[in-house]
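Asker: coords below, sequence missing:
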């Protein structure tokens with residue numbers, strides 16, 4: 001795979017080193033030599049007909065600029081430095097980031113890619129093409145076919161997802177937002193079937209929404225023809241936002257839990273759980289919809305807003 005050295009105007013020291021390294025025809029000749037083979041410093045000197053001391057200086061300059069790799073190995077008379085190609089191209093972005101503007105990274109998680117669950121009947125998993133597991137068999141929820149799900153349902157419990165923390169090292173996360181389509185769950189459907197559906201992120205209880213019912217009085221906008229009327233059809237789009245002001249659910253205050261209470265780290269996944277608390281007043285289950293069923297053409301989307309120093 002080709003490797004690229006990616007720099008911007010913020011990389012001042014490395015850009016200066018790069019300019020120095022590329023300012024000599026001899027150093028350019030070394031880069032040409034190392035494109036297909038690795039050589040020691042003395043071999044480079046022999047091939048270019050230059051003194052060993054000059055070859056060593058050129059190699060140090062190229063290494064400092066991030067253009068070559070070196071490795072010291074034992075030789076017949078002491079050690080020797082082996083030089084090899086590090087990058088295939090150089091990209092320099094002649095612009096700088098505005099530190100006052102937040103950046104965002106979003107990950108869309110298919111509803112079937114849960115990593116943990118607690119499921120009770122009535123329950124099931126279906127794709128846009130058909131049922132993936134037998135109805136009302138909680139033990140089937142860990143079958144590999146689950147990753148193709150476009151709708152999953154359970155009358156209680158939860159599903160849990162793991163998201164990578166895809167922000168640059170050293171970045172400060174200022175806001176997080178989780179959006180998904182959901183409704184209650186009962187046999188067939190019941191528009192008057194309340195369910196207290198809770199969202200947890202990294203073990204923190206963020207928000208609870210009392211869904212009025214299991215919606216089925218009209219067809220879902222995205223549902224395939226095979227999905228029959230008379231059963232769950234669509235949900236409501238829930239958006240949980242976390243900032244320094246606390247947690248919001250569809251723009252309404254949900255809990256006094258600021259973003260600074262979360263310890264997001266690229267060394268561990270962000271755990272998202274959606275479901276009913278065991279002691280909820282209304283344990284009415286849940287249906288989670290993917291981007292090919294229900295009303296909203298999206299999976300479960302986690303967005304992280306951040307700025308770099």
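Answerer: Now that the structure is in, tell me what you want to look at. Small disclaimer: the values here were computed from a predicted structure and weren't measured.

Asker: could you find the closest non-adjacent residue to residue 87?
Answerer: Closest residue to residue 87 apart from its sequence neighbours, by Cβ to Cβ, 6 or more residues apart in numbering: residue 5 at 4.3 Å. The way it works is simple: take the backbone N, C-alpha and C, and place the C-beta from them, glycine included.

Asker: just residue 105 next, same as before
Answerer: residue 166 (4.7 Å).

Asker: which residues touch stretch 243-263?
Answerer: 173-176, 201-202, 204-209, 238-242 (Cβ atoms under 8 Å, 6 or more residues apart in numbering).

Asker: now, of the residues you listed, which are buried?
Answerer: 173-176, 201-202, 206-209, 238, 240-242 (16 or more other Cβ atoms under 10 Å).

Asker: name the nearest residue to residue 173, ignoring sequence neighbours.
Answerer: Residue 173 sits nearest to residue 306 (Cβ to Cβ, 6+ apart), 4.8 Å away.

Asker: that older thread, how close does the residue nearest to residue 105 get to residue 266?
Answerer: Applying Cβ to Cβ, to the nearest Å, the value for residue 166 to residue 266 is 8 Å.

Asker: repeat that for residue 43.
Answerer: 41 Å.

Asker: who has more neighbours out of those two?
Answerer: residue 43 (16 against 13; other Cβ atoms under 10 Å).

Asker: just confirm that one is within a helix.
Answerer: Yes: per DSSP: H, G, I helix; E, B strand; the rest coil, residue 43 lies within a helix segment.

Asker: OK, contacts around residue 188?
Answerer: Residue 188 neighbours (Cβ under 8 Å, 6+ apart): 216, 230, 231.

Asker: and it, how far from residue 231?
Answerer: For residue 188, the distance to residue 231 (Cβ to Cβ) stands at 6 Å.

Asker: between the two, which contacts overlap?
Answerer: residue 216.

Asker: what sits against residue 204?
Answerer: 257, 261, 262.

Asker: list just the nearest of these to residue 14.
Answerer: residue 262 (33.0 Å; Cβ to Cβ).

Asker: state the distance from that closest one to residue 164.
Answerer: Residue 262 is 15 Å from residue 164, by Cβ to Cβ.

Asker: tell me the average confidence for stretch 271-284?
Answerer: Averaged over stretch 271-284, pLDDT sits at 98.

Asker: can you map out the helices along the stretch 1-150 of the chain?
Answerer: 12-21, 25-33, 41-48, 52-64 (DSSP state H, counting those that start in this stretch).

Asker: excluding covalently adjacent residues, which one is nearest to residue 20?
Answerer: Using Cβ to Cβ, 6+ apart, the closest residue to residue 20 is residue 61 (6.1 Å).

Asker: residue 95 versus the residue nearest to residue 173, what's the distance?
Answerer: 19 Å.

Asker: neighbour count winner among the two?
Answerer: Per other Cβ under 10 Å, whichever of residue 306 and residue 95 has more neighbours is residue 306, with 20 against 8.

Asker: and that one, that's in a helix?
Answerer: No: judged by three-state DSSP, residue 306 forms no part of a helix; its state is strand.

Asker: ok, the residue nearest to residue 20 - contacts?
Answerer: 17, 20, 21, 24, 27.

Asker: which PyMOL command selects the buried ones in those residues?
Answerer: Here is the PyMOL command that selects the buried residues among the contacts of residue 61 (16+ other Cβ under 10 Å):
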select buried, resi 17+21+27
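
Asker: out of the contacts of residue 61, flag the one nearest to residue 270.
Answerer: residue 17 (36.7 Å).

Asker: correct me if wrong: that closest one contacts residue 64.
Answerer: Yes: Residue 17 lies in contact with residue 64 (Cβ atoms under 8 Å); the separation is 5.0 Å.

Asker: following the longest strand belonging to the chain, which helix or strand comes up?
Answerer: Selection of the longest strand in the chain by residue count, based on DSSP state E, yields strand 172-183. For strand 172-183, the following helix or strand on the C-terminal side (DSSP states H and E) is strand 195-201.

Asker: avg pLDDT for that following strand?
Answerer: The model assigns strand 195-201 a mean pLDDT of 98.

Asker: that one pairs with which strands, parallel or anti?
Answerer: Sheet pairing for strand 195-201, assigned by DSSP bridges, gives strand 204-211 (antiparallel), strand 270-275 (antiparallel).

Asker: what is the orientation angle of the first one with strand 172-183?
Answerer: Relative orientation of strand 204-211 versus strand 172-183 (axes from the mean of the first three to the mean of the last three Cα atoms, to 10 degrees): 30 degrees.
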